[in-house]
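S.K.: Fold the following.
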Amino acid sequence: AVLGYTRIIELLLKKGADIHLQEPLSKMTAFMLAAEKGEWAAVQMLASWGAKIDARDKLTRTALMLSSERGHVTTVYALIDASADVNAQSNYDRTSLMLASEQGHAYVIEALITHGARVNKTDRGGKTPLMLASINGHTSAVESLLLHKANPLAQDKFGSTALMLATMKGHIETLKFLLE
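M.R.: Numbers count the residues shown, from 1 in each chain. Sure, this is the predicted structure:
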């Protein structure tokens, strides 16, 4: 599934390959691997064959989380079309939106929010998507989150706000945007 060879995938499935088989160490399925690599055509095919859309890997991440973190916006849309849970949380309470925000994938952020991702959800440390984008200096992600009503005054478990986190990391452009 990683290389997107949909004809091969279809042949294997027609011959009885187990679509739910998990790699022993990572617990990832072919569906999850295809999503992580941005192979949207393979994701669509595997979904149509009954892949478990919200299956979890060893770290309790879903295919949507993996694809969001990597910035594969076309695959993110394919997963959303297949009814992936945009608000699913990993074992650290991280969501797809948080992972996309942390990496600065503004187009993925837009896709997730447009399809119901909660913009002010917090992880175990109390960090919001806005905080994660700010601490990493992803100004376009910060802009997108603020346009969708992210709370710039929210505090994490240590009392830090997005503004404070951007300041601590020296992200001047992000800081300027947060101050506007």
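S.K.: Do I have it right that A162 meets A154?
M.R.: Yes - contact criterion Cβ atoms under 8 Å: A162 and A154 qualify, at 7.4 Å. In this view, the C-beta of every residue, glycine as well, is placed from N, C-alpha and C.
S.K.: quick one, which of those two is more surrounded?
M.R.: The residue with more neighbours, out of A162 and A154, is A162; 29 against 16, by other Cβ atoms under 10 Å.
S.K.: how about the more buried one, phi and psi?
M.R.: Taking degrees, to the nearest 10, you get phi -60, psi -40 for the backbone angles of A162.
S.K.: contacting residues for it?
M.R.: 128, 130-131, 133-135, 142, 150, 152, 154, 178 (Cβ atoms under 8 Å, 6 or more residues apart in numbering).
S.K.: got a pLDDT number for it?
M.R.: With respect to pLDDT, A162 scores 97.
S.K.: That one and G137: what is the separation?
M.R.: Distance of A162 to G137, given as Cβ to Cβ, to the nearest Å: 11 Å.
S.K.: cool, Y92 as well?
M.R.: Y92 is 22 Å from G137, by Cβ to Cβ.
S.K.: which of these two has more neighbours?
M.R.: More crowded of Y92 and G137, by other Cβ under 10 Å: G137, with 18 against 12.
S.K.: Which pLDDT value goes with that one?
M.R.: G137 is given a pLDDT of 97.
S.K.: again with V2
M.R.: 52.
S.K.: do the one 5 residues further on as well
M.R.: At R7, the predicted lDDT confidence score is 81.
S.K.: before we move on, what about T75?
M.R.: 97.
S.K.: thinking again about what came up before, now intersect the contacts of A162 with the helices, please.
M.R.: Those of the contacts of A162 mapping onto helices are 130-131, 133-135, 142, 178, per DSSP state H.
S.K.: between the residues you listed, which is nearest T29?
M.R.: A133 (29.3 Å; Cβ to Cβ).
S.K.: Please name the nearest non-neighbouring residue to that closest one.
M.R.: A141 (3.8 Å; Cβ to Cβ, 6 or more residues apart in numbering).
S.K.: Residues that sit against both of A162 and A154, list them.
M.R.: Taking Cβ under 8 Å, 6+ apart as the contact rule, A162 and A154 both touch 128, 130-131.
S.K.: Ranking by neighbours, what's the top pick from those?
M.R.: Of the shared contacts of A162 and A154, with other Cβ under 10 Å as the count, M131 tops at 31 neighbours.
S.K.: Good, we can wrap up now.
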